[in-house]
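1. fold the stuff below for me.
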Amino acid sequence: MSLDLLFLTKLLPTAGVIGGPILIYHRIKNLYSMGHKITLIAPAYTDEDRKDKSLVPFCEKIVRIDAVKDRPHDEVEALYKRLNRPRFFLTGDGGFCQSIEDAFRLALKEKHFDAIVAEYSMMGQYLEANHGLIPTDTTTMISVHECYTKAFELRAKKGEDIGENTIQEIFNYEFKMYGTADKILTLTKEDAEILVNYALSLKKKIRVVPHGVDTKFFTSPTEKSWNRNTKNILYLGNFEHYPNVDAVKNFINHYWNRILVEVPNARFYAIGFNPPKELLNLRRENVIVQEGGDNKNVRRFYWNSDVFVAPIELGTGFRGKLLEAMACGLPVVATSRATFGINPKNGRDMFVADDHDVFSEYVVMLLKDVRLRKKIGNNALALARKFDHRSAAHKLEQVLKEGKG
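-> Down below sits the predicted model:
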């Protein structure tokens, strides 16, 4: 049975993007290959977004909305009063855009959709606000890449100046959105449990649809030089997503000096989309912070590294970059939060530690021991192959075909 599907995304998913949008790209590509018809509404922030053609073969229609990320304070306050939504939903990455709402309403008039998928909770605001315009036989879904309430609570716990009123306001609106949707998609079982702990009423709506990795593209290099004399440590992510910024700062502040005592010739690479000034200021001879480029360049970083680190303390969701690194045969050291959805066995598939000293010791062990790197890297590769993106897309298709039930 072919389905007519509408996707709303907070970033344009493209073949070369880093981070969460690559998941959406593969979802759309694979759903098309299964015979479904896709309409996409997404913001275009750059000329590259406006020119990109990578999803054109897989969509019946792509509506790109010219959008801006930096909204003046007065405009935010005016929207806050008019829409009665938390300021977080009105600013920055994926914040409210009237042109996206207009395009969404027009799409509903022009065509009947079997299902609408709002990718990222940020886009759920369009489903909530236009709930009465959506036909009763259209299934509405919010794909939760991160629970915002939990994310803000974690940031406040780490010392950010975020008041209880702000968190309560985000909670009220976020879970109001989830309440109006027919289905809630999470990437991990852990994320599903987080949502249920906030609102038990969501339990019957939630479906876990895991992340996937392109195991035909992200592969171990044909002649990986395990015996080379490099000591390269890698972290990769979209730095417009603050938990990735926080992870790099964690590494520099809590792990880096401990590692250098044991491995003085180590080099740390923080690679990703749009690194902010606070990360660029951390650069020195053995700390490289730079833009990641496209997927081919990213794969090359994996291939040229000896250890991948994920010192993540903020946010929820699935860390697709871990799967990419693992699929390239790269051994990983991660915090437990970074491993949501992967369920690795510590010491076999990767090393997992939340203690700074233990984490650092694992990195040092891998940098010093070629045979250990090879063993953990090969086990990581075997686990990553279980997360092929085509299997994840089949799971999503099953949920879509459930309808509202």
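2. tell me how many other residues crowd the residue lying closest to residue 183 once chain neighbours are set aside.
-> Sequence neighbours aside, residue 141 is the residue nearest to residue 183 in space, at 4.4 Å (criterion: Cβ to Cβ, 6 or more residues apart in numbering). Using the backbone N, CA and C atoms, a C-beta is placed for each residue, glycine as well. Neighbourhood size, residue 141 [other Cβ atoms under 10 Å]: 25.
3. who's in contact with residue 141?
-> 115, 116, 117, 118, 181, 182, 183, 184, 185, 399, 400 (Cβ atoms under 8 Å, 6 or more residues apart in numbering).
4. and the gap between the first one and residue 39?
-> Think residue 115. 11 Å (Cβ to Cβ, to the nearest Å).
5. could you do the third one as well?
-> Residue 117 sits at a distance of 11 Å from residue 39 (criterion: Cβ to Cβ).
6. shared neighbours, residue 115 and residue 39?
-> 5, 6.
7. show me where the stretch 101-250 of the chain has its helices.
-> For the stretch 101-250 of the chain, helices defined by DSSP state H, counting those that start in this stretch occupy the ranges 124-129, 148-157, 164-180, 189-198, 242-250.
8. next: the stretch 301-405 of the chain.
-> For the stretch 301-405 of the chain, helices defined by DSSP H, counting those that start in this stretch occupy the ranges 320-327, 356-368, 370-384, 389-402.
9. please identify the buried residues of the second one?
-> Of the residues in helix 356-368, those buried by neighbour count under the rule 16 or more other Cβ atoms under 10 Å are 359, 360, 361, 362, 363, 364, 365, 366, 367.
10. from the contacts of residue 141, pick the one nearest residue 53.
-> residue 117 (21.9 Å; Cβ to Cβ).
11. who has more neighbours out of residue 115 and residue 39?
-> residue 115 (22 against 19).
12. give me the angle between the lowest-mean-pLDDT helix or strand in the chain and helix 320-327.
-> Scoring the helices and strands of the chain by mean pLDDT, DSSP states H and E places helix 295-303 at the bottom, with a mean of 78. Relative orientation of helix 295-303 versus helix 320-327 (axes from the mean of the first three to the mean of the last three Cα atoms, to 10 degrees): 60 degrees.
13. other SSEs contacting helix 295-303?
-> Counting contacts by 3 or more Cβ pairs under 8 Å, 6 or more residues apart in numbering; DSSP states H and E, helix 295-303 packs against strand 232-238, strand 267-273, helix 320-327.
14. deepest in the core, which of those is it.
-> helix 320-327 (a mean of 28; mean count of other Cβ atoms under 10 Å).
15. and it, average pLDDT?
-> In this model, helix 320-327 has an average pLDDT of 88.
16. and if you look at stretch 396-405?
-> 86.
17. swap in stretch 156-163?
-> 89.
18. centre of the chain versus that stretch, how much separation?
-> Averaged C-alpha coordinates place stretch 156-163 at 22 Å from its chain's average position (Cα atoms, centre = their mean, to the nearest Å).
19. kindly export stretch 65-75 (C-alpha atoms) in CSV.
-> Coordinates of each C-alpha in stretch 65-75 appear next as CSV, following Å, rounded to 0.1, in the frame of the first residue of the first chain:
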residue,chain,number,x,y,z
ILE,A,65,11.1,28.3,2.7
ASP,A,66,13.6,31.2,2.9
ALA,A,67,14.3,31.5,6.6
VAL,A,68,16.6,33.3,9.0
LYS,A,69,18.0,32.0,12.3
ASP,A,70,18.7,35.3,14.0
ARG,A,71,15.4,37.0,15.0
PRO,A,72,15.4,40.5,16.6
HIS,A,73,14.4,40.6,20.3
ASP,A,74,11.4,42.8,19.6
GLU,A,75,10.1,40.4,17.0
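20. spit out the contact partners of residue 332.
-> 307, 308, 309, 310, 322, 325, 326, 344, 350, 351, 376, 380.
21. kindly report the same for residue 68.
-> residue 45.
22. returning to that earlier point: in JSON lines, list the buried residues of helix 356-368 along with pLDDT and distance to residue 240.
-> Formatted as JSON lines, these follow (pLDDT from 0 to 100; distance: Cβ to Cβ, whole Å):
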{"residue": "359", "pLDDT": "96", "distance to residue 240": "25"}
{"residue": "360", "pLDDT": "96", "distance to residue 240": "28"}
{"residue": "361", "pLDDT": "97", "distance to residue 240": "32"}
{"residue": "362", "pLDDT": "97", "distance to residue 240": "29"}
{"residue": "363", "pLDDT": "96", "distance to residue 240": "26"}
{"residue": "364", "pLDDT": "96", "distance to residue 240": "31"}
{"residue": "365", "pLDDT": "96", "distance to residue 240": "33"}
{"residue": "366", "pLDDT": "95", "distance to residue 240": "29"}
{"residue": "367", "pLDDT": "95", "distance to residue 240": "30"}
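23. can I get the residues you listed in CSV with distance to residue 3?
-> Converted to CSV, the buried residues of helix 356-368 look like this (distance: Cβ to Cβ, whole Å):
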residue, distance to residue 3
359, 44
360, 49
361, 50
362, 45
363, 46
364, 51
365, 49
366, 45
367, 49
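24. hang on, the earlier thing: tell me how far the least confident helix or strand of the chain lies from the chain's centre.
-> Chain-centre distance of helix 295-303: 18 Å, with Cα atoms, centre = their mean.
25. quick check: buried residues in that helix?
-> Quick answer for helix 295-303 (16+ other Cβ under 10 Å): 295, 298, 299, 301, 302, 303.
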